[in-house]
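>>> Structure for the following, please:
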Amino acid sequence: MAGGKVKVAVLGGGMGAMSAALALTEVDPKGEKYEITVHQLGWRLGGKTASGRNPKYGQRIEEHARPRSPGRTASGTTIRSCRRSIP
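The predicted model follows:
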């Protein structure tokens, strides 16, 4: 694009999508080159690493991914890092 920002559409809120968005923000921290939009079905980021509470079962935490150890998924640490980094 001559003189304007490159528009980037990130599809989904999973690990790959958030990693791509994070990488673009590291290349262009001031947002001068890229206009990044994340398109996610629903409000929760994380894809298979997302978790939520089930009020039907006493607010029990339910994860969508198979845990490596109780309460942790393989990429849970990375998704928290991505969420903090993206404005």
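>>> Count the neighbours of the nearest residue to residue 62 once chain neighbours are set aside for me.
Distance criterion Cβ to Cβ, 6 or more residues apart in numbering; nearest residue to residue 62, sequence neighbours excluded, is residue 54 at 5.2 Å. Every C-beta, even on glycine, is put in place using the N, C-alpha and C of the backbone. Residue 54 has 10 neighbours, counted by other Cβ atoms under 10 Å.
>>> just for the chain, where's the confidence low?
Scanning the chain for pLDDT under 70 picks out 1-3, 63-87.
>>> For it, just list every one of the helices.
15-27, 76-85 (DSSP state H).
>>> In the longest one, which residues are buried?
Neighbour counts using 16 or more other Cβ atoms under 10 Å place 15, 17, 18, 19, 20, 21, 22, 24, 25 of helix 15-27 among the buried residues.
>>> From the contact counts, what lies against that helix?
The contact analysis (3 or more Cβ pairs under 8 Å, 6 or more residues apart in numbering; DSSP states H and E) places helix 15-27 against strand 6-11, strand 34-39, helix 76-85.
>>> Does residue 20 touch residue 9 like I think?
No - between residue 20 and residue 9 no contact is recorded; they are 10.7 Å apart, counting by Cβ atoms under 8 Å.
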